[in-house]
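Q: Below is the structure, and that's it, no one-letter string:
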């Protein structure tokens, strides 16, 4: 069933008419050409599809379009401003926290949400907070360092 | 191909024998096209081996390098980037020899219309083969720059050098750069063949190679700007879905596409055993597929289950062409030994499960086909598309954008064929991306295996005879690296239930697991510290080097306690060599005896691959291998029954996550005196036997299977 929906996407108001049961992930990727959110599993197990809705990390592969009416959606594409990387993005670059990089947008958005809840997470809190994100290249050691550096950069930026 | 290359080339027999995935009905028009292109088709395509040997022949400069008027240098290779860091490492190699900053180099990788064929990306060949080829080509280009400048300014070329892309030594006020070389005035120079034998830079003089150059194009990855194969978009592009069989061996008897075709703007195709749908959105394509699926009638076939896998493999060993290698007189040595042990190890099927499933975008234009897809073998995929659609070589172009993971799992071209068939029918570009369940079911697997090992000790506890027989999982690293006078190894292929193919380090993981577990059993039988037991019969200096390095860093000697009764903590070690590199791994585990569970506390691994080209990337590869190896060691196993995979989801198939990561220490042994070899595979082979040995040390329970778990103990 098609529905007319309004929401804010990366700071811009949008109105679309589409099947209400389509996933947010599919609409972002196919209708808005925002391909930073990735398909990894379709069952909310890997979080490669993470986007922020009203500032909270959400698995867009499990989110139907009917759920985003009136909400504020931010994707990885909205983070860097005028070519300047977000501190969390910068930390991932600095620590070489990527191999194939396919999980990285989801890791970065999950990290932003984690640091919003807890600006100075311990190693155990980072592990707990990102355990839902799979990196199949298993570059977890560098990602952990990147999150620690991101916390430091974010505190300094304030 | 010379003997040295053969020695390092992994014979990946599974892919070599894989036929095309689909066979399409031939039409009259196709037939005319085939006849028209007959002359081209009669030309044998070079095989993988021939392609690899091309790297050693002089390559025309124009094929390898493009120099822009602004001095930007583009280097071309058929290698792909799937996360192993090849793009960065090759960029370093080019920058080193051209004497230009990293930022001035751009790589075009794996676009078959543009690049010379350096072979596919497999067998850890990029470092030992392609890096030297790139370096030779770039060193020759640098010499061309010098020679052209010398001629232009009438000076002695020997007095000139290159720095930051500019010729030095020409004298005040005179400047000559790569941009000048690219100008029309000197363009003729680029048409020359590169003379072979231009010297590459010695390791002692490396300025870019050997340093931790950060990942190139990292900014595109963190901003989401990089387009992986599943992110490619073309004007008017549709999204495709393919109807999968309900079980292995099922044959489609009938299907009614009326309901699917009745949906608006849906293209539905049935061609032989292929049934696919394309629509403006994935949602609509799935609706069409699901509507058609309801009408499908399938004839199913019996299929062995994973419960009976190991008995099945042993019972279905092929009698044809076993690969046997014997030295000394093993039979007599076993008879005369003081003590003989004999055990069997089982290896489960596992999946690569790269984060990005198979994906392709296909576009037809004027009878020519362009496909963007994630594959480690662009040339093979091109060949598969040519054969399937009966096209000549110049009618197919395969482009591989940097891809979301491979691990040896993306050597085949099924999804490229599917996208191309749908695009042909829809007359529009089509994107097909497999679902995770598709990937877990219809991609190929790392082969399961059964391994029989026997060893004999003399009265001094020295190894005098060795036997190692591998059923199905593969012959790589099957030879023991230990000094034993009498040995026999044999590999037997089997009629196996699942489609299998390459995997990171392929069978060396299985063979190292069996051998290194068994060495521990022998050490226990001889009542010797397992480190000491290994060193006593190890002559290979490089392998001894990593074993000692890992043991020292780990503190093996002070930590080792012979198992007396059930302990809480156990330690184990293992070592091995494969593809010219050397690895040793120590692990410490903690056991909860009442719960029957254990966890991995810390791992220390030493690795040596000759001269280190990028220590940061090498460390990442070694750490990634150790942690990915934990999956196959502890939790990963395909379960199947009645032709269906029972755990085709991440919720049912546990791959390593943050909580599974132990403390990891690495020792990167640098050998600038030795040629650099690949590092993306071998570091994975040590972790599983190190853990199995640590479990024995803690519990006196020997688990002889991958994953390491039994009725009493499991990882948790």
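A: Cool, got the structure. What you are looking at is a predicted structure, and each value in this text was computed from that prediction instead of being measured. Numbers count the residues shown, from 1 in each chain, chains lettered A, B, ... in the order given.
Q: isn't residue B:694 right up against residue B:567?
A: No: counting by Cβ atoms under 8 Å, residue B:694 stays clear of residue B:567, with 10.2 Å between them. Quick note: C-beta positions are derived from backbone N, CA and C, even for glycine.
Q: These two: who's more crowded?
A: Taking neighbours as other Cβ atoms under 10 Å in any protein chain shown, residue B:694 and residue B:567 compare with residue B:694 leading, 28 against 16.
Q: Residue B:695: how many residues sit nearby?
A: Around residue B:695 there are 25 residues (other Cβ under 10 Å).
Q: My reading is that it lies in a strand. Confirm?
A: No: under DSSP: H, G, I helix; E, B strand; the rest coil, residue B:695 falls outside any strand and is assigned helix.
Q: Only the buried residues of the helix or strand hosting residue B:362, if you could.
A: According to DSSP states H and E, residue B:362 maps onto strand B:359-365. Residues of strand B:359-365 classed as buried by neighbour count (16 or more other Cβ atoms under 10 Å in any protein chain shown): B:359, B:360, B:361, B:362, B:363, B:364.
Q: Give me the distance between the fourth one and chain A.
A: Computed with Cβ to the nearest Cβ, to the nearest Å, the distance linking residue B:362 and chain A is 17 Å.
Q: Surely that residue and residue B:425 touch.
A: No: contact criterion Cβ under 8 Å: residue B:362 and residue B:425 do not qualify, at 10.9 Å.
Q: ok, the closest residue to residue B:687 other than its chain neighbours - contacts?
A: Using Cβ to Cβ, 6 or more residues apart in numbering or on different chains and skipping residues adjacent in sequence, the residue nearest residue B:687 is residue B:629, 4.0 Å away. By Cβ atoms under 8 Å, 6 or more residues apart in numbering or on different chains, residue B:629 lies in contact with B:509, B:683, B:684, B:685, B:686, B:687, B:688.
Q: before we move on, what SS does residue B:629 have?
A: Strictly by three-state DSSP, residue B:629 counts as helix.
Q: contacting residues around the residue in chain A positioned nearest to chain B?
A: Closest contact between chain A and chain B, by Cβ to the nearest Cβ, is at residue A:36 (2.3 Å). Counting by Cβ under 8 Å, 6+ apart, residue A:36 touches A:75, A:76, A:77, A:105, B:223, B:224, B:225.
Q: For chain A, which helix extends over the most residues?
A: helix A:140-157 (DSSP state H).
Q: What residues sit buried inside it?
A: Those would be A:140-151, A:153-154, for helix A:140-157 by 16+ other Cβ under 10 Å.
Q: again, but for stretch B:582-602
A: Neighbour count says stretch B:582-602 has B:582-591, B:596, B:598, B:600 buried, by 16+ other Cβ under 10 Å.
Q: how long is it from one end to the other?
A: 20 Å (Cα to Cα, to the nearest Å).
Q: re the thing from before, save the buried residues of strand B:359-365 as JSON lines, and put in pLDDT and distance to residue B:126 too.
A: Putting those into JSON lines (pLDDT from 0 to 100; distance: Cβ to Cβ, whole Å) gives the following:
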{"residue": "B:359", "pLDDT": "98", "distance to residue B:126": "22"}
{"residue": "B:360", "pLDDT": "98", "distance to residue B:126": "23"}
{"residue": "B:361", "pLDDT": "98", "distance to residue B:126": "25"}
{"residue": "B:362", "pLDDT": "98", "distance to residue B:126": "27"}
{"residue": "B:363", "pLDDT": "98", "distance to residue B:126": "29"}
{"residue": "B:364", "pLDDT": "98", "distance to residue B:126": "32"}
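Q: Those residues: which two are farthest apart?
A: Spanning the widest gap among the buried residues of strand B:359-365 are B:359 and B:364, at 18.0 Å by Cβ to Cβ.
Q: so residue B:127 makes contact with residue B:676?
A: Yes: using Cβ under 8 Å, residue B:127 is in contact with residue B:676, at 5.3 Å.
Q: Spatially, what comes nearest to the spatially most central residue of chain A if we skip its sequence neighbours?
A: Among the residues of chain A, the one closest to the centroid is residue A:109, at 3.3 Å (Cα atoms, centre = their mean). Excluding the flanking residues, the one nearest residue A:109 by Cβ to Cβ, 6+ apart is residue A:50, at 4.5 Å.
Q: Which of the residues in stretch A:15-24 are classified as buried?
A: Using 16+ other Cβ under 10 Å as the test for burial, stretch A:15-24 gives A:16, A:18, A:19, A:20, A:22, A:23, A:24.
Q: Quick check: which of these are also close to chain B?
A: A:19, A:22 (Cβ under 8 Å from any Cβ of the partner chain).
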